[in-house]
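>>> can you look at this prediction? I've put the sequence above it.
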Amino acid sequence: MSHSICHDVMCIVDLLCWCQYKCECCSVLWSCPASASTRLESETGSASSSIMAEQVLTRVTTKEQLLALANVLAGDFPLSVTIYNCLIFHVQDWLSCMNFFTLDDPSHSHAVIMQMINLPSFVFVYCRESEVNSLIQAIKKTNQLMKQEDLIYTVPHYLEEPLQMLAQEMEICVNTNIVHRFIYQPHLDTDPLRCGPGFRVCRLGKAGLQQLLLKSTFLNNKIPEESMLRLTENVPAVGVYLDPSVTKEVFLDIQNLPYAGDNEIPVSWISPTVYGTLGMLGTEKDFRRLGHATLVTRVAARLFANKGCIPLCHIVKNNTASKEMFKKMTEWQLIRSEISLTSAETKKNIN
């Protein structure tokens, strides 16, 4: 068994003890870490305000509470994976950009709202089907939550209709987008990782990370660079770089993957996101159809899983190229889609 130890909080996460589960809604056999918990010794320090009325929803603040909530949500995989990963990011002090709210005691509640602090209109919502009515009533009471400009709601499929009805009742026009979710299966990822001549694989340096954020149209570049730098110091972002000095195929040792130079620009890239997925995948036009996107995805997924999190990718319905790429990788399996609800003014260039 391997352990990842946070120097500040001594949070021990079982990394290599993975269990297999079968998703009842989509009949997919998949794997996840057996445990996400044990000992914590400090609390989160954020006292950021939120648009939510805390008399309706309980804000989850301490690391103990965040970890307890993660353990509760682990019982609802794969539907709860996105928020689970983000909870682990915050428990480990890799991020502090989200607020989390529940209906009840976080050690028992399965209804969770995750809201970006600097962009409160960006919200992830999860609950079990049995909690839908209670969650909708709570959202209704905190009416500011549905009246944000450029609203982006990402929810399980069974929350789409209730939220649509609530939006109609509140005279809010929303659009619906289908988000395909692919989840990584480590037990199916056994082939060695190799990079061809003329290229090398590295962790993104500063210029590479800036390139990734610049090329991504998601959230109109509203994700703080400092948050991404902090996250990718701990959960690596990966790129393929031109390197004429590499004259033959190289087998990759991802445990000792070097950083690229701070001024180097990759030709293909992928990164963990602040909302708990792998994403912002891109390849420069002249280097497409060479397998670079597949390679960086495979490398990043292994590194993501090695941190005790569940690699997951969200792909919008009209992104055919990415969807076909993931279908060809046997270690990635399509699970039940999520729904993204956006206000009528929100641009539809989410990727």
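Structure received.
>>> just the buried residues of stretch 231-251, please?
231-232, 235-241, 243, 250 (16 or more other C-beta atoms under 10 Å). C-beta coordinates here come from the backbone N, C-alpha and C atoms, glycine included.
>>> got phi/psi on residue 189?
When read as degrees, to the nearest 10, the backbone of residue 189 gives phi -110, psi 90.
>>> please disregard the earlier target; I meant residue 60.
Note on residue 60: its backbone torsions stand at phi -90, psi 120 [degrees, to the nearest 10].
>>> what's residue 248 in contact with, if anything?
Neighbour list for residue 248: residue 197 [criterion: C-beta atoms under 8 Å, 6 or more residues apart in numbering].
>>> can you confirm it is in a strand?
No. Residue 248: not assigned to a strand; according to DSSP: H, G, I helix; E, B strand; the rest coil it is coil.
>>> can you list phi and psi of it for me?
Note on residue 248: backbone dihedrals following degrees, to the nearest 10 are phi -150, psi 170.
>>> residue 330 against residue 188, yeah?
Yes. Counting by C-beta atoms under 8 Å, residue 188 is a contact partner of residue 330 at 5.4 Å.
>>> any idea how far residue 187 is from residue 70?
Distance check for residue 70 against residue 187: by C-beta to C-beta, to the nearest Å, it reads 22 Å.
>>> neighbour count: these two, which is higher?
The neighbour comparison of residue 70 against residue 187 (other C-beta atoms under 10 Å) goes to residue 70, with 24 against 11.
>>> chain neighbours aside, what residue packs nearest to the more buried one?
Once flanking residues are discounted, residue 70 sits nearest to residue 87: 4.1 Å by C-beta to C-beta, 6 or more residues apart in numbering.
>>> same check, this time on residue 163
Leaving aside its chain neighbours, residue 163 sits nearest to residue 341 (5.8 Å; criterion: C-beta to C-beta, 6+ apart).
>>> and that neighbour, what element?
Per DSSP states H and E: residue 341 is located in strand 332-343.
>>> neighbouring strands for that strand, and are they parallel or not?
Here strand 332-343 has these sheet partners by DSSP bridges: strand 152-156 (antiparallel), strand 174-184 (antiparallel).
>>> can you give me the buried ones in it?
So strand 332-343, judged by 16+ other C-beta under 10 Å, has buried residues 332-333, 335-343.
>>> what's the most distant pair in these?
Across the buried residues of strand 332-343, no pair lies farther apart than 333 and 343, at 31.8 Å, counting by C-beta to C-beta.
>>> C-alpha coordinates for the host helix or strand of residue 326, PDB please?
If you go by DSSP H and E, residue 326 is part of helix 320-328. C-alpha atoms of helix 320-328 as PDB (Å, rounded to 0.1, in the frame of the first residue of the first chain):
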ATOM      1  CA  THR A 320     -17.200  14.600 -31.400                       C
ATOM      2  CA  ALA A 321     -13.400  14.300 -31.700                       C
ATOM      3  CA  SER A 322     -12.800  14.100 -27.900                       C
ATOM      4  CA  LYS A 323     -15.700  11.700 -27.500                       C
ATOM      5  CA  GLU A 324     -14.300   9.300 -30.200                       C
ATOM      6  CA  MET A 325     -10.800   9.500 -28.700                       C
ATOM      7  CA  PHE A 326     -12.100   8.400 -25.300                       C
ATOM      8  CA  LYS A 327     -14.200   5.600 -26.800                       C
ATOM      9  CA  LYS A 328     -11.000   4.100 -28.400                       C
END
